[in-house]
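S.K.: model this:
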Amino acid sequence: MDSIYQICLEGYEELCLLDSRFARYRSNVFGAQSVREDRMQMTKSDNSDLNVVLESFLGLVGSRLLLKPAIKSVEWLVRRFRYVRDRF
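M.R.: I've put the predicted structure just below:
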């Protein structure tokens, strides 16, 4: 997981260079503590809060999904947080 995190973090940091609005996700979704977080151990409320943050990030990154840094960062959401949006 550490290796995947490093690759995805690089993509995230590139996104931050393209658009400073991504910086707000550094302390939660892309912070070092995210490597240790486990959704299965989180409360329902914490999971709901996390989903709000993840959806916010996806809304922002959506227009950049053809860029490699965006793909790397979204990969982190899927792998680490097992995020699959069930509502379209």
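
S.K.: Now the residue nearest the centre of the chain: closest residue in space, sequence neighbours ignored.
M.R.: When C-alpha atoms, centre = their mean is applied to the chain, the residue found nearest the centroid is L77 (4.2 Å). Spatial nearest neighbour of L77, excluding adjacent residues (C-beta to C-beta, 6 or more residues apart in numbering): Y83 at 4.5 Å. To be clear about C-beta, it is placed using only N, CA and C from the backbone, and glycine gets the same treatment.

S.K.: Tell me how many other residues crowd that neighbour.
M.R.: Residues near Y83, counting by other C-beta atoms under 10 Å, number 18.

S.K.: same question, E37
M.R.: For E37, using other C-beta under 10 Å, the count is 15.

S.K.: thinking again about what came up before, who touches the residue nearest to the centre of the chain in this structure?
M.R.: V29, L54, F57, L58, Y83 (C-beta atoms under 8 Å, 6 or more residues apart in numbering).

S.K.: and the residue nearest to L77, helix, strand or coil?
M.R.: coil (DSSP: H, G, I helix; E, B strand; the rest coil).

S.K.: what about it, distance to S20?
M.R.: 23 Å (C-beta to C-beta, to the nearest Å).

S.K.: Just the mean pLDDT for the helix or strand containing Q6, thanks.
M.R.: In the assignment (DSSP states H and E), Q6 maps to helix 2-18. Per-residue pLDDT values over helix 2-18 give a mean of 95.

S.K.: following that helix, which helix or strand comes up?
M.R.: According to DSSP H and E, the helix or strand after helix 2-18 is helix 44-61.

S.K.: And that next one, what does it pack against?
M.R.: helix 68-81 (3 or more C-beta pairs under 8 Å, 6 or more residues apart in numbering; DSSP states H and E).

S.K.: what's the spacing between the helix it packs on and its chain's center?
M.R.: How far helix 68-81 lies from its chain's middle: 6 Å, per C-alpha atoms, centre = their mean, to the nearest Å.

S.K.: Can you list the buried residues in it?
M.R.: P69, A70, K72, S73, V74, W76, L77, R80, F81 (16 or more other C-beta atoms under 10 Å).

S.K.: just stretch 3-21 next, same as before
M.R.: Y5, C8, L9, G11, Y12, E13, E14, L15, C16.
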